[in-house]
Structures are given as structure tokens and as C-alpha cells.
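1. Model the structure of this input:
(2 chains)
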Amino acid sequence: MSDTVLLVGTAAGLAEAALACQGLHCVVERVETGPAALARLCRRDAETPVALIATSALAGIGVAGLVRGLSALPGRCGIPIWVVGGPGPAGTQPFPIEPTVAGLRSQPAPQVVMNAGARHQWPLLDPDLMATLRAYGADEFANFMQLFLNDWEARLKLIAAQLDSGDRDSLGRTLHGWKGSSGSLGAVRLHHLLVECDALCKASDLAGIRALHADLVATATATAAAVTHEKARV
Amino acid sequence: MRILIVDDEPACRALLAISLRPHGTVEQAGDGPEAIAALALALSEKRSYGLILLDITMPGIDGQVALRTVRLMEQKHGLAVGRGAKIIMTTGHGDKEHILAAFRENADGYLLKPVDPAKLTALLASLGLIS
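-> Coordinates of the predicted model:
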């Protein structure tokens, strides 16, 4: 069953919120006033919403009244209230928080393994991020690049060992950590390969990861060479 | 502004630290327990953090548990919801369950890794931390 999100108010911004919720595959319900929202929340025969999205200029009791009313309803006080169209009172969150909404909307479908050609369309290193990091100074840039060189071989060995042992949980943590680290360092091709491996691990498809392992080793090795080259250019 | 970055990946901490340095004093913690210890000290010294960036998947205590613990500690020190540190989750988990769980525990923002420095700056502005 999909989660339910309750939209409260009539402001145009709610349409955007509704769209975001649809991207979330939520069931979207709508009421126009705070009292109507509280009445809806009192109904025991209806799905309890996972969140409320209210307009800041809520007619009647206002968002503050909605917060107070919600806190008084047994079993409902933990439901978050997101506010659109302006700042909300204490106890609410602004919505949309742009990166959050982007994150929600970009929620991928179950990961499809790319073919090698598509994967290799990514550059080894993100030139834009390299330029941004260089702007922080030569020493800072060199230190940053060194972070990749410090542990890439150890991470490969760890992944190989965890694949051999079939320890999916440990492998998942290793892949997830390197995925974030490689992305932060601008190692784009490796990052995308690790995204694939991480998704396969979550799907318990260790055979799929084994099929990608040679590519992972080759990509990490090529990335290390590119990072060494970038560092030497400082 | 006092800022705490919590992440077990040095590269992720480094990228965030570089991006945040213009906006305050940046401190780092490598896991949840270290972060909670830092916050406990900060609260006891009445030198609270204005901003905490919190990874989710970490050894020991994960970020969701750390978030809940931080909010409970703040409440015990008289900081009601909305009065404590702004907490932004920085994570590779883009699924609905993780995102909603973070906001249920009163996170203030949620950024997917790799964190885009421009998006981070925009979020800080929307949270009123920078102009």
C-alpha cells in the first residue's frame, strides 16, 4: 500500500507539492482548511498520513493552529508538517526543500545494469569538480586527490574478499561507502559502476557483481592513474 | 557558526569541509558515537552547533539513530524542536523510506551524495543560515 500525504490549503504551491508526492508514489489527499485536516486525522477508518503539506497562509486556524491541534491528537503528534509558500511556525519544515524534492523525484527505479559502452561514456574524473577543487588551492587539491590514492587498492581487495566469502552485508557497506567517496572525489565512472554494484548487492545479486568485478578493477586502476596525473599537474 | 560534519568517509568529509569553511568553524566526526560525544560536550559548554551534516550509513550508530539521539539531547537541554542545530542528512540513500524517516526525526534537510556544493549553499540559504 502506498503512503498517504495530506495536502492542507488552497495555495498554488500545493500543486507542486502534489506533483512531488506523486513522484514519491504517495496517495495524495487534499483538504482546504486546518479544521478539516484535523477532522480528517481523527478518522480512524482512514489511512494515517505519513506527512502533511500545508500552505503558510492557511485560512482559519493557520499553520500554528494546525501544529497545536496535531500535537493534541493521540498517535498523530509525530506526523511531520511541511509548509509551502513561506516560513512556517516552530514544529514545521519548509517544503519544498529543493534538494530534497530533487532527491525524491530522482528516486530511481530498480537499478538496471548498464552495458559497458554506456558506462564508459562517463569521464574518469569530473572536469567541473576538478576545476572547483583546484580553486581551493594547490595543497588542498593535492590532499584531496591523495584521499583516493590512500585506499583504492585496499578497497578492491576488501571487495574481492567479501565477494569470495559471500558476506552481502559487509560487501554492501563497502560498496556504499566507496560509492559516496568516489562521487565526492569526482571519480564519475567509478562512482556509477559502484552505484550499479550497490544496487545489485541490495538485490542480493552477487553473481551480477562478480560479472562486473573485472570492470571495477580496471576502472579503479584507470581512475588511480588519472588522479595521479591530476595531482602531478598541481 | 559552529559546524559539525559527521561521516565515516574522509573524502566526503573533506568535500563538505571545503565547501563549508567560508561559513563557519568546521569540526569533523568519523562516526555516530563521536558525533554524539561532540554534541554532548557542546551542549554542556553552551556552545551548540548551528549546523550538523549527518551521514546515514556509518559503523556503530547509524545516522538515523544519531539524529534521534541528538534531538533528544537537545530537548533535555531545553531546546525545543526548531530551536536546536539545523541538521542536514548527507547520504547516498535516495529512497523514500530513508528521506521520510529523516524528516520524521526532525532533520532540516536532505542532500544526496555526491553533495553538490552549490545545492548545499542554496539549502543553507533556505534554512536561513547564510544570506
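2. What is the neighbour count of the residue in chain B that chain A sits nearest to?
-> Closest to chain A within chain B is B:Pro114: 3.2 Å, counting by CB to the nearest CB. In short, each C-beta sits where N, CA and C put it, glycine included. Around B:Pro114 there are 24 other residues, counting by other CB atoms under 10 Å in any protein chain shown.
3. now do the one 3 residues further on
-> Neighbour count of B:Pro117, defined by other CB under 10 Å: 16.
4. Likewise for A:Gly183?
-> A:Gly183 has 26 nearby residues by other CB under 10 Å.
5. ok, it to chain B distance?
-> 3 Å (CB to the nearest CB, to the nearest Å).
6. quick one: that residue from A:Thr10, how far?
-> 41 Å (CB to CB, to the nearest Å).
7. is it true that B:Ile88 lies in a helix?
-> No: applying DSSP: H, G, I helix; E, B strand; the rest coil, one finds B:Ile88 to be strand, outside a helix.
8. Report the separation between it and A:Pro87.
-> Counting by CB to CB - B:Ile88 and A:Pro87 are separated by 18 Å.
9. Between the two, tell me which one has more neighbours.
-> B:Ile88 (26 against 10).
10. mind listing the strands in chain B by residue range?
-> Per DSSP state E, chain B carries strands over the ranges B:2-6, B:25-29, B:51-54, B:86-91, B:109-112.
11. name the helices or strands packed onto the last one?
-> The elements that strand B:109-112 packs onto, with contact taken as 3 or more CB pairs under 8 Å, 6 or more residues apart in numbering or on different chains; DSSP states H and E, are helix A:98-105, strand B:86-91, helix B:96-104, helix B:117-126.
12. do that again at 6 Å, thanks
-> helix A:98-105, strand B:86-91 (3 or more CB pairs under 6 Å, 6 or more residues apart in numbering or on different chains; DSSP states H and E).
13. neighbouring contacts of the helix or strand bottoming out on mean pLDDT in chain B?
-> Here the helix or strand of chain B ranked lowest by mean pLDDT, DSSP states H and E is helix B:96-104, holding a mean of 79. Residues from elsewhere that reach helix B:96-104 (CB atoms under 6 Å, 6 or more residues apart in numbering or on different chains): A:24, A:50, A:80, B:64, B:89, B:110.
14. Looking at the residues you listed, state which has the most neighbours.
-> Result: B:Met89 is most packed of the contacts of helix B:96-104 (other CB under 10 Å), 28 neighbours.
15. Can you verify my assumption that it contacts B:Leu54?
-> Yes: between B:Met89 and B:Leu54 there is a contact under CB atoms under 6 Å: 5.5 Å.
16. leaving aside the residues next to it on the chain, what's closest to residue 30?
-> All of this is about chain A. Setting aside the residues directly before and after it, A:Arg30 is nearest to A:Leu7 in space (CB to CB, 6 or more residues apart in numbering or on different chains), at 4.4 Å.
17. that's the wrong chain, I wanted chain B
-> Nearest one to B:Gly30, counting by CB to CB, 6+ apart, is B:Asp8 at 5.5 Å.
18. which residues sit in contact with that neighbour?
-> B:30-31, B:58.
19. hmm, try it at 10 Å
-> A:173, A:177, A:180-181, B:29-32, B:34, B:55, B:57-60, B:63 (CB atoms under 10 Å, 6 or more residues apart in numbering or on different chains).
20. Perfect, that will be all.
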